[in-house]
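Engineer: I would like to see how this sequence folds:
(chains A and B)
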Protein chains: 2
Amino acid sequence: MIDENGILFILSGPSGVGKGTVRRELFKRANELKYSISMTTREMRAGEAEGVDYFYRTNEEFEQMIEAGQLLEYARFVNNYYGTPRKYVEDTLQDGKDVFLEIEVQGAMQVKENFPEGVFIFLFPPSLEELKNRIVERGTESQELVLRRLKEARKEIDMMDAYDYVVVNDNVDTAVTKIQSIIQSEHCKRDRIAKQYKKLLEDD
Amino acid sequence: MIDENGILFILSGPSGVGKGTVRRELFKRANELKYSISMTTREMRAGEAEGVDYFYRTNEEFEQMIEAGQLLEYARFVNNYYGTPRKYVEDTLQDGKDVFLEIEVQGAMQVKENFPEGVFIFLFPPSLEELKNRIVERGTESQELVLRRLKEARKEIDMMDAYDYVVVNDNVDTAVTKIQSIIQSEHCKRDRIAKQYKKLLEDD
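Structural biologist: Modelled structure (predicted):
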């Protein structure tokens, strides 16, 4: 279909809901999808490459980009910045390719503010009880941390209203299939393509 | 997923675009979908049954239903009324089943007015040129009729703006797959299900 731009899809959801698993399975199936490459100030490690694993920048360069509004979102972890460069996303979309970004809820809200034309998908736990189990089973968390995470999750679930779609992650295969349907149907949205079709009518 | 209502999907598009073929292929694949049963004043034929092929009503009964706003759309062909009864659609949706209605553009616009919460899909010809070929190949139309149909089609294509989705019918299989994606992704729409999910949170 005619000169269509790509769409930015953002997958987010509460801690422990399985965003990473769903994203990895999606990328196994949907190889036309581009994963958004992050920018970071942490040092390049052996085997990594610029523009493949990350875009590597100095602290000063990163802060200039924040200042200039060139990041769709960013956060600081362990003394390093991580963020999503707007230019890479926009260039890829203009190339006609969809970009997929899997990200924590806080980051998704920043993207929503800076790129509202993205399609926001909220990955939902089958129930809060099950979310609790999943966090416990991970085995890396203290009881206190579990309770704090749950409290956070409740807050995050209230954030659902900022999203376009909600996909329940009761089963990874089903969740991935639903996300693929969302990607396909978004390309059929009338407001996205009416212009191109009307052009086709004029060309007749 | 929790007590979800069905969704009314309306497939429409210009004459000759292949709505019927797409609908039949869709129903072969998606057997959980309910086809909207029409109401008519024409006589029941051998082998037909009330509530299966049509709901059969007298002229007077039909006109009373029009009067009372009990039809989502109706039209008169060859001295008989044909229409879509609101009650059958609403009962089926409340039963949690999706209803699928394939209909001409004029009828779709009536449904849009009477049931705006429906999801409107516009089936689009790959190009107007190909639409012309298809009408000609059908072989049942005079040249004059073909030209008139084409003119109508241009008008109908301008009506695209009233639809939620546009699916190009360059290939029946692809078009049906896209419609199935639309059906699945509509069930993931946040505004449809946020309430149920928030209820789930309260129940925890």
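Engineer: make sure A:Leu11 is actually in contact with A:Leu123.
Structural biologist: Yes. Counting by Cβ atoms under 8 Å, a contact exists between A:Leu11 and A:Leu123, whose distance comes to 6.1 Å. Placement of C-beta: from N, CA and C, glycine included.
Engineer: find residues that contact each of the two.
Structural biologist: Where contact means Cβ atoms under 8 Å, 6 or more residues apart in numbering or on different chains, the residues bridging A:Leu11 and A:Leu123 through contact with each are A:Lys19, A:Val22.
Engineer: domains in chain A, by residue range?
Structural biologist: By the assignment in automatic domain parsing, chain A contains the domains A:1-33+A:98-204, A:37-96.
Engineer: so which of those domains gets nearest chain B?
Structural biologist: Nearest to chain B, of all those, is domain A:1-33+A:98-204, at 4.0 Å by Cβ to the nearest Cβ.
Engineer: sorry, back to before: pick the most buried one from the domains of chain A.
Structural biologist: When you average the neighbours per residue for each of the domains of chain A (mean count of other Cβ atoms under 10 Å in any protein chain shown), domain A:1-33+A:98-204 leads with a mean of 18.
Engineer: average pLDDT across that one?
Structural biologist: pLDDT averaged over domain A:1-33+A:98-204 equals 84, rounded to a whole number.
Engineer: measure how far it is from the centre of its chain, please.
Structural biologist: Using Cα atoms, centre = their mean, to the nearest Å, the mean C-alpha position of domain A:1-33+A:98-204 is found 6 Å from that of the whole chain.
Engineer: so what does A:Ala30 have for phi and psi?
Structural biologist: Phi and psi for A:Ala30, reported as degrees, to the nearest 10, are phi -110, psi 80.
Engineer: who's in contact with it?
Structural biologist: Contacts here follow Cβ under 8 Å, 6+ apart; on that basis A:Ala30 touches A:Gln180, A:Ile183.
Engineer: let's go with 10 Å and repeat that
Structural biologist: When contacts are counted by Cβ atoms under 10 Å, 6 or more residues apart in numbering or on different chains, A:Ala30 touches A:Asp98, A:Phe100, A:Val176, A:Ile179, A:Gln180, A:Ile183, A:Gln184.
Engineer: next one: A:Ile10
Structural biologist: Contacts for A:Ile10 (Cβ under 10 Å, 6+ apart) come out as A:36, A:72-73, A:84, A:99-103, A:107-109, A:111-112, A:115, A:118-122, A:163-164.
Engineer: I'd assumed it was in a helix, is it?
Structural biologist: No. The secondary structure assignment for A:Ile10 gives strand rather than a helix, going by DSSP: H, G, I helix; E, B strand; the rest coil.
Engineer: that one and B:Lys19: what is the separation?
Structural biologist: With distances defined as Cβ to Cβ, to the nearest Å, the gap from A:Ile10 to B:Lys19 amounts to 35 Å.
Engineer: what about the helices in chain A?
Structural biologist: Counting by DSSP state H, the segments of chain A that form helices are A:19-29, A:59-67, A:86-94, A:105-114, A:128-138, A:143-158, A:172-186, A:190-203.
Engineer: in CSV: these, plus distance to chain B.
Structural biologist: Putting those into CSV (distance: least, Cβ to the nearest Cβ, whole Å) gives the following:
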stretch, distance to chain B
helix A:19-29, 13
helix A:59-67, 30
helix A:86-94, 20
helix A:105-114, 13
helix A:128-138, 4
helix A:143-158, 6
helix A:172-186, 4
helix A:190-203, 5
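Engineer: which of those helices sits closest to B:Ala194?
Structural biologist: Within the helices of chain A, the stretch nearest B:Ala194 is helix A:143-158; the backing value is 9.7 Å (Cβ to Cβ).
Engineer: could you give the angle of that closest one to helix A:105-114?
Structural biologist: Orientation note: helix A:143-158 sits at an angle of 20 degrees relative to helix A:105-114 (axes from the mean of the first three to the mean of the last three Cα atoms, to 10 degrees).
Engineer: helices or strands next to helix A:143-158 in the packing?
Structural biologist: The helices and strands touching helix A:143-158, judged by 3 or more Cβ pairs under 10 Å, 6 or more residues apart in numbering or on different chains; DSSP states H and E, are helix A:105-114, strand A:119-124, helix A:128-138, helix B:190-203.
Engineer: hmm, back to that, of all the helices of chain A, which lies closest to B:Val168?
Structural biologist: Each of these has some distance to B:Val168 by Cβ to Cβ; the shortest is helix A:190-203, at 8.1 Å.
Engineer: now the terminal residues of stretch A:120-137, how far apart.
Structural biologist: For stretch A:120-137, the first and last residues are 28 Å from each other (Cα to Cα, to the nearest Å).
Engineer: do the same with stretch A:164-178
Structural biologist: One end of stretch A:164-178 sits 13 Å from the other (Cα to Cα).
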